[in-house]
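>>> Fold the following for me, if possible:
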Amino acid sequence: MTAKRTISLNPLWYHHFILTAMICALIAGLLRFVLFGQYDPMHCSALLSSGSWLGSAYRNWQPKGCMLYSYQSKDASRCLSSRRVVFVGDSVTRALYFQFIHTVDPTLPKEPLDDGRKHSDHSFVSGTQTKLDFVWDPFLNTTSTLALINPPIAHSIDEQAERPTLLVLGSGLWYLRYADTSGGLSAWEANIEAHIEAINGARNKPADEVVFLPVEEIVPSKLSPERLNTMQSSDIDAMNSDLYHRVKPSTNSSWSQLLGSASSERISLPSVFNKMLDDSQTQDGLHFSEAIVNAQANILLNLRCNNEWPQTFPMDKTCCRMYPWPGPVQSVVLASLLLYACTSLYRSCEQRFVKLVCMLSDINIDTKTWVVNKAHLPGIIFGGSLIMIYLADRTGMWLKEQKQFNPWTFGFLCSASLAAGLVTVRRADKDLGFLNRDQTDEWKGWMQIAILIYHYLGASKISGIYNPIRVLVAAYLFMTGYGHTTFYLKKVDFGYLRVLRILVRLNLLTIALTYTMNTNYLSYYFSPLVSMWFLIIYLTLWIGSQLNENTPFLVAKIFLSMGAFAAFMKQPWLLEGLFKILERVFFIDWSAREWTFRVSLDQYTVYCGMFAALASIKIRDNHLTEHPFWPIFIRASTGLSAIVLVWFMGFELGQESKFTYNTWHPYISSLPILAFVTLRNATPLLRSCSSRVFAFIGKCSLETFIIQYHLWLAADTKGILLLIPGIKWRALNFILSTTVFIYVSHQVAWATGEITSWICGDEKNTLPTTRDAPTTEVSLDTTNPHSETVPLATDMDSSRTEPETPLRHPQRWVDRLAQGTGTRRTPVFFKSWSGARLQEVDVKAKIMIWACLMWLANTFWTNP
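Next up, the predicted model:
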């Protein structure tokens with residue numbers, strides 16, 4: 001009888017699977033960028049020739065592989081201020097003209113006045129002194145049109161100012177409508193040929209950007225009888241084909257087509273305008289709705305203005321815009337990260353050579369410890385992840401596209417996430433207590449998932465979704481107040497080492513990304529927000545800490561801190577003055593207005609968490625849970641909490657807009673948080689149960705919140721990253737990019753915790769949301785949970801026992817090499833990178849060194 005064969009699955013299979021997917025995505029992105037990206041490096045051709053509508057409202061046009069910026073008046077003034085814009089053509093061009101000028105200046109009309117002067121010229125001047133002209137010339141043959149196409153050489157400053165920054169020409173339909181008098185199709189072809197030859201043959205272009213509009217396609221079923229008899233779709237197709245081949249002449253060399261035609265064209269042809277049309281969006285079969293024409297005007301603004309913006313973040317305009325080269329200091333940062341990762345990888349992979357030598361020398365070694373040395377994994381993961389994040393969001397390696405909110409997609413993702421969380425609920429053997437570690441991990445996890453879905457779909461414009469998300473952010477701050485207050489009141493440890501550990505842990509990744517991506521530290525608002533509140537909590541409890549056992553004194557101190565901080569935020573000049581000092585001394589440019597908004601929204605929630613921690617401690621100390629009336633109190637609190645949650649949902653849904661809700665949020669956000677905490681801890685069963693999926697995300701919630709800016713989302717959260725190009729593949733791209741994003745975030749969370757321990761020193765037991773990683777060497781096994789985003793408490797014992805090493809007799813060099821005890825000298829450079837010497841430096845000195853390096857980087861930092 002034969003024995004059954006058992007299939008053993010490698011416990012690290014998911015590492016290998018996800019790493020393989022990441023490598024394939026990197027290779028595919030690089031190949032696409034190298035082979036095809038050079039043809040259209042700025043995505044101007046994609047902007048003008050391809051795209052599709054996202055949604056059915058005709059408000060979100062998506063060019064293929066790039067992000068279309070939605071221009072407002074203040075944005076357009078950057079490249080059009082005090083310049084001249086000219087439109088020449090027929091009624092279709094006129095409709096585009098009026099939508100364009102209304103975008104540039106909302107005080108200007110959207111359509112011509114009903115004064116019988118529709119077939120005439122128009123001229124307006126915007127508030128930023130942009131001269132906006134329309135020349136009525138449906139045949140493009142008047143003297144004024146010819147003067148625009150063949151302008152005389154400008155000698156004076158006034159003549160140069162009259163040169164248009166944008167010249168838009170549109171014609172064709174009138175040649176068909178009045179073929180008897182205009183000469184018809186042949187006359188149009190001859191005229192267009194003459195104009196294109198004149199523009200291409202001139203020494204200087206007649207405008208900074210010259211645009212020939214395609215002949216607009218018609219909807220025959222909606223045309224009037226007069227138009228239907230003269231306008232034929234076949235003629236329009238022939239005209240557009242002729243126009244395309246004249247603007248983009250063919251070449252015999254396929255390599256020339258692949259490598260160079262886009263940048264040498266002097267005329268832009270937005271053939272995509274006809275792809276944007278829909279039969280339902282026209283009443284007369286010829287002129288289309290305001291939504292479509294407005295999107296066409298926005299494409300013209302993207303074409304002309306995107307590359308005029310400063311090459312700084314947010315990089316949310318990827319159509320017709322070149323990514324900047326990194327500046328000198330940024331290049332040094334990138335090179336340092338790459339060198340750090342490569343050095344760690346080199347030192348780790350030295351053991352591959354050890355194994356080979358041992359195999360040749362018949363020496364038996366444990367093959368489980370040779371693939372990657374865990375001691376070097378933090379450097380590989382941290383440095384490699386930052387380089388990948390830079391390639392993802394500061395180069396064209398992977399494409400970026402716009403977000404699109406869909407209520408069905410939002411509901412499906414939330415339901416699927418909830419189902420995954422409920423399926424993985426596990427019960428502990430005992431009551432884990434009020435707001436225990438597993439519960440807070442779970443809480444942070446499901447909140448983070450909701451926030452991620454909210455960001456990915458761009459749901460911020462939906463007030464009914466925005467308002468609860470604001471409460472979730474406040475809940476993070478509630479946990480910050482609760483956790484740190486609990487620790488300091490119970491442990492009474494106000495030493496600087498814990499302060500440094502927490503600040504480094506919270507800010508290491510954020511600061512690294514700030515310099516790597518050339519962004520602003522406050523743009524990753526969660527890390528600075530939690531760091532600021534931790535320092536406020538620390539100072540509040542440290543001042544007069546010897547009297548913290550006196551409850552009235554402690555309550556008064558917390559109220560005093562809350563009042564002082566509220567008074568500080570009420571005086572804008574105080575924060576503005578502080579930020580000006582930071583700018584002059586440390587060369588830090590922060591927005592006081594933006595920071596005031598972020599802080600003021602939740603300025604009372606942290607103090608609510610502090611009072612909750614104090615109440616929890618006093619209840620335990622005074623054994624109030626043993627009081628006969630405690631069950632009655634719990635039932636009453638549970639009922640009241642349910643009523644509060646129902647009231648809050650009704651209240652927030654009834655608000656006129658999210659801006660109206662924001663005025664209420666600072667004062668009511670603590671109510672649903674306290675209600676949820678009460679309900680979640682109402683019974684021992686609820687306190688002992690937690691979801692593994694939610695807790696897994698909760699353990700890396702800080703990293704997911706920060707890394708999403710560039711690796712899952714894109715363009716500094718303004719768009720989404722496409723590992724798989726194409727709108728039809730968005731669902732598959734979501735699955736792949738989410739898998740990679742969560743994996744990278746979890747690995748970076750572990751690596752950041754290890755690097756924090758290296759900087760600030762090891763401690764055996766750290767935070768209640770921390771689990772120790774294994775100390776043996778493994779092959780990429782970093783799945784054990786590590787440090788968390790919002791530390792809640794820490795144990796006092798930080799002792800660590802070193803393993804005893806028995807004395808060994810002298811061995812052959814191969815034996816010593818196999819045991820890792822060779823006497824080969826390690827280069828000083830690698831020693832410094834691995835920390836062999838810097839470990840001896842005092843923690844304060846390390847922090848000062850890094851602070852000085854950041855100050856130097858700020859001093860010499862230059863933007864592209």
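
>>> mean confidence score for stretch 60-71?
Mean pLDDT, stretch 60-71: 94.

>>> Tell me which residues of it come out buried.
Buried positions in stretch 60-71, judged by neighbour count with 16 or more other CB atoms under 10 Å: 60-71. To be clear about C-beta, it is placed using only N, CA and C from the backbone, and glycine gets the same treatment.

>>> likewise stretch 653-670?
Applying 16+ other CB under 10 Å to stretch 653-670 flags 655, 658, 661-662, 665-666, 668-670 as buried.

>>> Pull the distance from it to the chain's centre.
Centroid separation for stretch 653-670 versus its chain: 25 Å, with CA atoms, centre = their mean, to the nearest Å.

>>> contact partners of that stretch?
For stretch 653-670, the surrounding residues in contact (CB atoms under 8 Å, 6 or more residues apart in numbering) are 460, 463-464, 466-467, 470-471, 474, 478, 600-605, 608, 648, 651-652.

>>> With only the CA atoms kept, save that stretch in PDB.
Taking C-alpha atoms only, stretch 653-670 is exported to PDB below (Å, rounded to 0.1, in the frame of the first residue of the first chain):
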ATOM      1  CA  LEU A 653     -26.700  63.800   6.600                       C
ATOM      2  CA  GLY A 654     -28.900  66.800   7.200                       C
ATOM      3  CA  GLN A 655     -26.100  69.300   6.800                       C
ATOM      4  CA  GLU A 656     -26.300  71.500   3.700                       C
ATOM      5  CA  SER A 657     -22.600  70.900   2.800                       C
ATOM      6  CA  LYS A 658     -19.400  69.600   4.300                       C
ATOM      7  CA  PHE A 659     -18.400  73.200   5.000                       C
ATOM      8  CA  THR A 660     -21.500  73.700   7.100                       C
ATOM      9  CA  TYR A 661     -20.600  70.500   9.000                       C
ATOM     10  CA  ASN A 662     -17.000  71.600   9.600                       C
ATOM     11  CA  THR A 663     -18.300  74.400  11.800                       C
ATOM     12  CA  TRP A 664     -20.000  71.900  14.100                       C
ATOM     13  CA  HIS A 665     -17.300  69.100  13.900                       C
ATOM     14  CA  PRO A 666     -14.900  70.400  16.600                       C
ATOM     15  CA  TYR A 667     -17.700  70.400  19.200                       C
ATOM     16  CA  ILE A 668     -19.600  67.200  18.400                       C
ATOM     17  CA  SER A 669     -17.000  64.800  16.900                       C
ATOM     18  CA  SER A 670     -16.300  63.300  20.400                       C
END
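
>>> circling back to that earlier point, now render the buried residues of stretch 60-71 as CSV, adding distance to Leu19 and secondary structure.
Conversion of the buried residues of stretch 60-71 to CSV gives the following (distance: CB to CB, whole Å; DSSP: H, G, I helix; E, B strand; the rest coil):
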residue, distance to Leu19, secondary structure
Asn60, 35, coil
Trp61, 37, strand
Gln62, 31, strand
Pro63, 32, coil
Lys64, 30, coil
Gly65, 26, coil
Cys66, 29, coil
Met67, 29, coil
Leu68, 34, coil
Tyr69, 35, coil
Ser70, 38, coil
Tyr71, 41, coil
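
>>> Looking at those residues, spot the one nearest Lys444.
Closest approach between the buried residues of stretch 60-71 and Lys444, by CB to CB: Met67, at 30.4 Å.

>>> Next one: that closest one from Ile149, what distance?
From Met67 over to Ile149 the distance is 33 Å, taken as CB to CB, to the nearest Å.

>>> again with Leu80
Per CB to CB, Leu80 is found 21 Å from Ile149.

>>> so where's the stretch 201-350 of the chain shaky on pLDDT?
The stretch 201-350 of the chain contains residues with pLDDT under 70 at 250-264, 350.

>>> Then the chain?
Ranges of the chain meeting pLDDT under 70: 1-11, 115-116, 154-161, 250-264, 350-372, 763-841, 864.

>>> Let me know whether Thr395 touches Phe33 as I believe.
Yes. Thr395 lies in contact with Phe33 (CB atoms under 8 Å); the separation is 7.4 Å.

>>> Neighbour count: the two, which is higher?
Phe33 (17 against 13; other CB atoms under 10 Å).

>>> Just the element for the more buried one, please.
Taking DSSP states H and E as the definition, one finds Phe33 inside helix 13-35.

>>> quick one on the thing from earlier: how about JSON lines for the buried residues of stretch 60-71, with distance to Tyr488 added?
Shown next, in JSON lines, are the buried residues of stretch 60-71 (distance: CB to CB, whole Å):
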{"residue": "Asn60", "distance to Tyr488": "49"}
{"residue": "Trp61", "distance to Tyr488": "54"}
{"residue": "Gln62", "distance to Tyr488": "51"}
{"residue": "Pro63", "distance to Tyr488": "54"}
{"residue": "Lys64", "distance to Tyr488": "55"}
{"residue": "Gly65", "distance to Tyr488": "52"}
{"residue": "Cys66", "distance to Tyr488": "50"}
{"residue": "Met67", "distance to Tyr488": "46"}
{"residue": "Leu68", "distance to Tyr488": "50"}
{"residue": "Tyr69", "distance to Tyr488": "47"}
{"residue": "Ser70", "distance to Tyr488": "47"}
{"residue": "Tyr71", "distance to Tyr488": "50"}
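
>>> quick one, phi psi at Ile267?
phi -120, psi 140 (degrees, to the nearest 10).

>>> what ranges do the helices span in the stretch 551-700 of the chain?
551-570, 572-586, 592-601, 605-621, 630-653, 658-668, 670-680, 684-688, 692-698 (DSSP state H, counting those that start in this stretch).

>>> which of those helices is buried the deepest?
Comparing the helices of the stretch 551-700 of the chain by mean neighbour count (mean count of other CB atoms under 10 Å), helix 692-698 comes out on top with a mean of 22.

>>> Let me have it in PDB, keeping just the CA atoms, if that works.
Provided in PDB are the C-alpha atoms of helix 692-698 (Å, rounded to 0.1, in the frame of the first residue of the first chain):
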ATOM      1  CA  ARG A 692      -7.600  39.700  12.200                       C
ATOM      2  CA  VAL A 693      -7.900  41.500   8.900                       C
ATOM      3  CA  PHE A 694      -8.700  44.800  10.500                       C
ATOM      4  CA  ALA A 695      -5.900  44.400  13.100                       C
ATOM      5  CA  PHE A 696      -3.400  43.500  10.300                       C
ATOM      6  CA  ILE A 697      -4.100  46.800   8.600                       C
ATOM      7  CA  GLY A 698      -4.200  48.600  11.900                       C
END
